[in-house]
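# Just a sequence and a predicted model for now, questions to come.
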Amino acid sequence: MKTNKISLKDVVPATNQDDFEKIKEFFIEKVTTEPEVQKIVSKLNISEQEINNNIDIFLNFLDQEPNAKFKKIIIRDSRTNALKIKLIESEIGKSDSLEKYILLKEISQISFDNLTVSFKENFLKQVNNEVKQKLSVLWKEVPKNKKWSFIYGPSLSGKTAFFKILAWSIVSKEKTIIYTNFLDLLNLYSHSISKKGVVFDIVNKLKKADYLLIEDFIISNDVSWFIEQVLNPVLDSRIKENKKIFISSLYNLNQIEQMLIENLKKEVKIQEITKFINRIKNYSNIYKL
């Protein structure tokens, strides 16, 4: 893909060489005070002489179209070490292309706005140092672990912050993800029961997504039917396919099991709950925040 090249002579035509040199000095001063240029100069270890010899390249770099799907960057040629312009996909273009990896968008906890490169950095600014320390510990262990993860702890302990950043990381690597709140998933399925094709599509996506993140697993009335009909088959499928699951909750697994079976009378339903809890215990690393 070609860039629209401009040169110093296109900016201000000079009547003679002296005028041209003065204008060039003016633009060099302007260019070198630009923060984005200063970052590039530092990163690529660019000398003053190189800036002087490549002023047209820096002018082209600064001539960026706002909201364009591609942006210009300055790199060194791997063979000649010379500076040159390269076009790369911008955050807007990247967000457009990454959004297709988010499944069940209607209940997703990660959105188009979360797909920019700056999301992780900006999001971390919103959490306190204690939560950042917890996130740092989790980040060293969870993503590289081959097992599932069950994370529990009180509100504001960092569960949501970790899931947001994890989801961003997954989509950035062009992997499909379902990241949803448990009650949102339950409600979506409940309202779709009369629509066979929709129900099949929901379950199929839960099974096939590269990563499944279920946030805030809490007990709302009797959800044993949902565990039996949906979650247990999904867990079985993901075990066979070696696909990861991440679950967060206010409660530990023993507490969840007790709450689930507390009012159940049918032995079959209790067995399904026990199967569900044991699946998570056996295939997950458990983290307390």
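Alright, I've got the coordinates. Since the model is a prediction, treat every value here as computed from it, not as a measurement. Residues are numbered from 1 along each chain as shown.
# and residue 79, what pLDDT?
Model confidence at residue 79, given as pLDDT, is 88.
# Ok, residue 227 next?
With respect to pLDDT, residue 227 has a value of 94.
# burial count for the residue nearest to it when sequence neighbours are not counted?
Nearest residue to residue 227, sequence neighbours excluded (CB to CB, 6 or more residues apart in numbering): residue 276, at 5.0 Å. C-beta: built from backbone N, CA, C; applies to glycine. Residues contacting residue 276 under the criterion other CB atoms under 10 Å number 20.
# tell me which element residue 276 falls in.
In this structure, residue 276 is located in helix 267-283 according to DSSP states H and E.
# what's the angle from the helix or strand following that helix to helix 267-283?
Toward the C-terminus, helix 267-283 is succeeded by strand 284-288 as the next helix or strand (DSSP H and E). In terms of direction (axes from the mean of the first three to the mean of the last three CA atoms, to 10 degrees), strand 284-288 departs from helix 267-283 by 80 degrees.
# Now do the buried residues in strand 284-288.
Of all the residues in strand 284-288, those buried under the rule 16 or more other CB atoms under 10 Å are 284, 287.
# What is that strand packed up against?
Strand 284-288 makes packing contacts with helix 129-141, strand 148-152 when contacts are defined by 3 or more CB pairs under 8 Å, 6 or more residues apart in numbering; DSSP states H and E.
# tally of neighbours for residue 249?
20.
# and if you look at the one 4 residues further on?
Counted with other CB under 10 Å, the neighbours of residue 253 add up to 19.
# low-scoring stretches of the protein, by residue?
The chain contains residues with pLDDT under 70 at 1-20, 66-69, 89-97, 112-123.
# still on that earlier bit, and the contacts of the helix holding residue 276?
Helix 267-283 is contacted by residues 147-148, 150, 224, 227-228, 231-232, 235-236, 239, 245, 247, 253, 256-257, 260-261, 264 when judged by CB atoms under 8 Å, 6 or more residues apart in numbering.
# So among these, which ones count as buried?
Using 16+ other CB under 10 Å, the buried ones in these are 148, 150, 224, 227-228, 231-232, 235, 245, 247, 253, 256-257, 260-261.
# List the ones among these that fall in helices.
224, 232, 235, 253, 256-257, 260-261 (DSSP state H).
# Using TSV, please lay out the residues you listed together with distance to residue 176.
What follows is those, written out as TSV (distance: CB to CB, whole Å):
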residue	distance to residue 176
224	29
232	22
235	18
253	27
256	27
257	30
260	29
261	33
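# Now the two most distant members of those residues.
235 and 261 (17.6 Å; CB to CB).
# ranking the helices and strands packed on strand 284-288 by burial, who's on top?
Neighbour counts (mean count of other CB atoms under 10 Å) averaged over each of the helices and strands packed on strand 284-288 peak at strand 148-152, with a mean of 22.
# I'd like to know which elements it is packed against.
Using 3+ CB pairs under 8 Å, 6+ apart, strand 148-152 is in contact with helix 159-172, strand 244-249, helix 267-283, strand 284-288.
# quick one: contacts of that strand?
For strand 148-152, contacts defined as CB under 8 Å, 6+ apart pick out 138, 142, 159, 162, 244-253, 280, 283-289.
# Now do residue 217: how many residues are near it, please.
Count around residue 217 with other CB under 10 Å applied: 21.
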